[in-house]
Structures are given as structure tokens and as C-alpha cells.
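Undergrad: Below: sequence and its predicted model.
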Amino acid sequence: MKHPFKSISILVVLFLIIAGNSAAQSFTIELDVEPRVETTVNRSLDFGQIVAGTGFQQIPLGSPTMGVFQIRTLNAQNLIISLDPSSELVHQELGRMASIPLNLQVNYTQNGVDDYRQSVPLTGFERYITLDPPPQNPQSAWTSVFLYVYGSIELGMVPSGVYTGEVVLSVVYE
């Protein structure tokens with residue numbers, strides 16, 4: 001009768017000899033894949049040249065002088081979009097303390113179509129959006145959100161010059 005202890009000890013010795021002559025390496029892989037988001041200003045909001053004291057001036061939705069932002073990202077991406085617009089336009093010349101009240105509104109599309117007629121209002125200047133595929137190419141990996149910025153100013157008797165303001169667009173993606 002064979003002793004099982006002897007067979008096991010021979011196997012352990014062989015394993016130790018084979019294991020002693022081999023080498024192993026290991027490494028850890030860590031990946032953080034970020035979705036790609038591109039934001040561009042397709043057209044700046046431009047009230048043009050206006051004579052001081054002319055009062056209420058408006059750029060309506062659909063006007064060729066309204067501002068247009070485009071956010072290009074992966075299809076079905078979740079975004080939080082927020083805009084922080086200036087409440088006034090300020091004279092560019094240093095030392096000039098003149099401003100023009102500004103009232104902005106924003107509409108958007110979320111299906112890759114640049115058509116203000118299909119847009120809906122961005123109420124409160126912030127919105128959580130899940131992007132839809134573009135209808136002309138539903139299999140595309142990419143789509144866009146288009147933001148249309150329009151509004152009005154109340155132009156009183158202000159010094160002549162260039163008046164500017166800023167609209168900050170923030171995009172957080174999940």
C-alpha cells in the first residue's frame with residue numbers, strides 16, 4: 001500500500017522546484033474615460049449701432065443678430081447647462097461709469113438640429129438635459145445642443161461708445 005503522504009510531499013517538492021525557476025509580473029490598469037464635449041460660439045449676440053435715447057431695442061428669437069452657442073457631445077449624454085448672463089452692458093472705456101440694462105432669454109434644441117423654430121425656453125438659465133440622437137442620422141455617436149440667446153435693452157441717454165457684456169455658459173456632463 002502506498003503512503004499518500006509520500007505522494008503529496010513529492011508533488012509539493014516538484015511544485016516548489018518548478019515555481020522557484022519561474023517568474024511572474026503583474027501590473028494594474030486604471031482607465032478614466034471622459035466623454036467629449038465641445039462648446040463653440042457660432043454667432044455672438046449683437047445689437048449693432050444704436051442712437052442714444054432711442055429706448056426699447058429688441059433682438060427677437062430667430063433674428064440673424066441673436067447669439068447661437070453649440071454644444072457637441074456624445075449621443076444620449078446627460079448635461080447640466082447653465083448660463084450666467086450680464087444684467088447690463090458696460091461702457092468699454094475705462095473710467096466711464098455708464099451702462100445699459102440688458103434682459104436676455106435663451107431657447108435650446110437637444111436633438112442635433114440647428115432650428116430655433118424647434119427650440120424650447122431654457123427657464124431659470126439652467127437645465128438638466130438628456131440629448132436625443134439627430135433625426136437625420138439616428139445611428140450617429142454624436143449630437144448637439146443649440147442655444148439661442150436673444151433679448152432686449154432699454155437705451156437711455158448714455159455716452160456714445162462701445163458697450164459690452166458677457167454670457168458665461170457652463171456645461172457639466174455625466
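TA: Nice, I can see it.
Undergrad: any weak-confidence spans in the chain?
TA: In the predicted model of the chain, residues 1-28, 30-35 satisfy pLDDT under 70.
Undergrad: Show me the helices in the chain, by range?
TA: Here the chain has its helices, by DSSP state H, at 4-21.
Undergrad: Please, where are all the strands along it?
TA: Under the criterion DSSP state E, the chain contains strands at 37-43, 55-59, 67-74, 78-85, 88-91, 99-109, 120-121, 126-130, 142-155, 163-164, 167-173.
Undergrad: Isn't Thr39 up against Leu169?
TA: Yes: using CB atoms under 8 Å, Thr39 makes contact with Leu169 at a distance of 6.3 Å. C-beta coordinates here come from the backbone N, C-alpha and C atoms, glycine included.
Undergrad: one step back: same list, the strands of the chain, but as JSON lines with mean neighbour count please.
TA: As requested, the strands of the chain are arranged in JSON lines below (neighbours: other CB atoms under 10 Å):
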{"stretch": "strand 37-43", "mean neighbour count": "13"}
{"stretch": "strand 55-59", "mean neighbour count": "13"}
{"stretch": "strand 67-74", "mean neighbour count": "19"}
{"stretch": "strand 78-85", "mean neighbour count": "17"}
{"stretch": "strand 88-91", "mean neighbour count": "17"}
{"stretch": "strand 99-109", "mean neighbour count": "18"}
{"stretch": "strand 120-121", "mean neighbour count": "11"}
{"stretch": "strand 126-130", "mean neighbour count": "14"}
{"stretch": "strand 142-155", "mean neighbour count": "20"}
{"stretch": "strand 163-164", "mean neighbour count": "16"}
{"stretch": "strand 167-173", "mean neighbour count": "14"}
